[in-house]
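S.K.: just to be clear, the model below is a prediction. Sequence and coordinates:
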Amino acid sequence: MKKILLPLLTLILALTPALSRAEEHKAKPDKAETPLEKSMDALKKSWRKLRLQAADPAKNASSLELLAKIQAATKESLLYTPDLARDIPADKRDQFVAGYQKKMKGVIVGFDQVEIALKAGDNKTVVELLEKINALQKEGHKEYKRPE
């Protein structure tokens, strides 16, 4: 009996990670990403890393590189319309898109201020600005991003 149980247990333990990954894949249905989502995904990793290292003056050169990627993706995002706009009645859609663009322009201005502060070595201000931008981002996502 032990000769059978040990190989069986080994097989079960070996397959457990593969089975759990398969379940995770089933739980997330494939959906086509919009150009805006792709643009936002492009900046996500840089945004997180920048926020983690913003207070460290020794990493300002790296922070400026990350910021350049973020700024490019943010400016690209202005070219797109949020997917949620499709659900807005036609008579209110232009106002919705204009609100989105205004909010994005405010974020762009915030990133320009971060760049100035980084170049000046004012990391305390950088951290404060990033907190404000993060609040704007959360507010914008509530207003313009389709709930998942």
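M.R.: Nice, thanks for sending it over.
S.K.: so for the protein, the centremost residue is which one?
M.R.: The centre of the chain sits closest to Lys44, judged by Cα atoms, centre = their mean, with a distance of 3.3 Å.
S.K.: and the gap between that residue and Leu129?
M.R.: As judged by Cβ to Cβ, to the nearest Å, Lys44 and Leu129 stand 19 Å apart. Using the backbone N, CA and C atoms, a C-beta is placed for each residue, glycine as well.
S.K.: got it, and Ile116?
M.R.: Here the criterion is Cβ to Cβ. By it, Ile116 lies 9 Å from Leu129.
S.K.: the more surrounded of those two?
M.R.: Neighbours were counted for Ile116 and for Leu129 using other Cβ atoms under 10 Å; Leu129 has more, 21 against 13.
S.K.: can you tell me the element that one falls in?
M.R.: Assigned by DSSP states H and E, Leu129 belongs to helix 123-144.
S.K.: export that helix as PDB, just CAs?
M.R.: What follows is helix 123-144, C-alpha atoms only, in PDB (Å, rounded to 0.1, in the frame of the first residue of the first chain):
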ATOM      1  CA  ASN A 123      12.600  64.800  -3.300                       C
ATOM      2  CA  LYS A 124      10.200  65.900  -0.500                       C
ATOM      3  CA  THR A 125       8.200  67.800  -3.100                       C
ATOM      4  CA  VAL A 126       8.400  64.900  -5.500                       C
ATOM      5  CA  VAL A 127       6.900  62.600  -2.900                       C
ATOM      6  CA  GLU A 128       4.100  65.100  -2.200                       C
ATOM      7  CA  LEU A 129       3.400  65.600  -5.900                       C
ATOM      8  CA  LEU A 130       3.200  61.900  -6.500                       C
ATOM      9  CA  GLU A 131       0.700  61.500  -3.600                       C
ATOM     10  CA  LYS A 132      -1.500  64.200  -5.300                       C
ATOM     11  CA  ILE A 133      -1.200  62.500  -8.700                       C
ATOM     12  CA  ASN A 134      -2.000  59.200  -7.100                       C
ATOM     13  CA  ALA A 135      -5.200  60.700  -5.700                       C
ATOM     14  CA  LEU A 136      -6.100  62.200  -9.100                       C
ATOM     15  CA  GLN A 137      -5.500  58.800 -10.700                       C
ATOM     16  CA  LYS A 138      -7.800  57.000  -8.200                       C
ATOM     17  CA  GLU A 139     -10.500  59.700  -8.700                       C
ATOM     18  CA  GLY A 140     -10.100  59.400 -12.500                       C
ATOM     19  CA  HIS A 141     -10.400  55.600 -12.500                       C
ATOM     20  CA  LYS A 142     -13.600  55.800 -10.400                       C
ATOM     21  CA  GLU A 143     -15.000  58.200 -12.900                       C
ATOM     22  CA  TYR A 144     -13.700  57.100 -16.300                       C
END
